[in-house]
Structure formats: C-alpha cells, structure tokens
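Colleague: requesting a structural model of the entry that follows:
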Amino acid sequence: FTSSSISHKICFLSVAQASSCKMKFTATLVALFAGSAAAFAPSQMKKSSSALSFTPEDLPGALPPMGFWDPLDFASKADENTLRRYREAEVQHGRVGMLAVVGFLVGEKVEGTSFLWDASIKGPAITHLAQVPSEFWALLTIAIAAAETKRAEVGWVEPENVPFDQPGLLRDEYYPGDIGFDPLGLKPEDDA
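Modeller: From the prediction side, this is the model:
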C-alpha cells in the first residue's frame, strides 16, 4: 500500500475531501516521526560529584515542548530514593514492552516458517504463546530469574545494609536502568 491509498481507504471520502484527508494523514505522520526523533536527542542529565542527583528537572526524557511531564504529580510526592525507584521501574517496564512488541511483530512475520519447534506454531501471533511447548516456559522462567538477580545485584543495596525505613534502596552510584550491559558499545561516553 502507498500512503495515498491508505489515506483514501481510511477516510472513505469524496475526491475533493480526500485531498484534505491526505494532508491530515501526512501531517500526522510528520508529527509522529518528528516526535519520535526527539527520543534520540542528547539528554541534559546533570551529575553531582559524590552521588547522582535525581530531581525531576534532571531526568533524561524531559523534552520540549512538554518538559518534565508528570500529570498525576508523582514526583512532587516522592523523595530522591523513591523517584529513582520509579525511574528504574519505568525503564524496566519500557524495555519489556519494547521486547513484547518486537516479539509480536516477528511472530506475525515468520508464522509457519520458523526453525523453532519445527514450524508447528501457526495462526495469528496472539495465539502463539498458547502453542509453545512447556519446556520453553521453564527456560524463560530461568532466564528472567537470572536477569532479575543480576539487576538486583548491580542496582540494589544488600538487604542487611538497608535501613528499616528505606526498603528497596538503590546504590548511590547506580543510575536506574544502567546495569552495564552494552555488548555493542552504543552507550555514549559523555552525559551531554
């Protein structure tokens, strides 16, 4: 399909109105791609000398025109440690969501042609997980447990060293989400 055929099929309008709809469709695509390009802009993260400063204004991802976006005002009610745990959860859940989307799209594309499980998994990707053999679930559980254990060892203070009133305390030198895994060397050297 071309963008013009998609825009005409989406709109179901006359020829005169289709031009207006095509312009709106194009404007939507431009806004979508321009907004996603901002994700690759350098962050304005600032660090203090002894430990990482973690204030809402210093968090990467605060981009124009919105700036720091917190519509439910969680950040103003959180101290620095809680805000760091929020960021850790946000980064981790974002990564899981991105992997899920990639898995879903790949499942749709390779359906019936995969070398895995003798290409016995068929149908729409939404039904693929129910068709996977039970051994896969055991391996997946072990892999997730290993990854979470590594993340806990890198990021969290040992429970015996945590004050009673600060459960889930992250290490001072640990930046949420940065467990040191960068096999392709994509992480920038500077914070600019």
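Colleague: just checking, which helix or strand succeeds the lengthiest helix in the chain along the chain?
Modeller: Criterion DSSP state H: the longest helix present in the chain is helix 80-109. Next helix or strand after helix 80-109 toward the C-terminus (DSSP states H and E): helix 128-131.
Colleague: check the spatially closest residue to Gly180 that is not a sequence neighbour and give its pLDDT.
Modeller: Once flanking residues are discounted, Gly180 sits nearest to Val154: 6.6 Å by Cβ to Cβ, 6 or more residues apart in numbering. To be clear about C-beta, it is placed using only N, CA and C from the backbone, and glycine gets the same treatment. Note on Val154: pLDDT of 92.
Colleague: swap in Arg85?
Modeller: pLDDT, read off for Arg85, is 90.
Colleague: tell me who's in contact with the closest residue to Glu80 other than its chain neighbours.
Modeller: Once flanking residues are discounted, Glu80 sits nearest to Phe54: 4.8 Å by Cβ to Cβ, 6+ apart. Contact analysis of Phe54 by Cβ atoms under 8 Å, 6 or more residues apart in numbering lists Glu80, Leu83, Arg84, Arg87.
Colleague: most surrounded residue in the residues you listed?
Modeller: Of the contacts of Phe54, Arg84 is surrounded by the most neighbours, 23 neighbours in total, counting by other Cβ atoms under 10 Å.
Colleague: measure that residue to Asp172 for me?
Modeller: 10 Å (Cβ to Cβ, to the nearest Å).
Colleague: and for Ile121?
Modeller: For Ile121 relative to Asp172 (Cβ to Cβ), the value is 46 Å.
Colleague: neighbour count: the two, which is higher?
Modeller: Ile121 (20 against 11).
Colleague: pLDDT weak spots in the chain?
Modeller: Within the chain, the stretches with pLDDT under 70 are 1-53, 111-118, 191-192.
Colleague: ok, which stretches of the protein are strands?
Modeller: Counting by DSSP state E, the chain forms no strands at all.
Colleague: what about Pro133, distance to Ala146?
Modeller: 20 Å.
Colleague: do Asp165 as well
Modeller: 31 Å.
Colleague: those two: who's more crowded?
Modeller: Ala146 (10 against 6).
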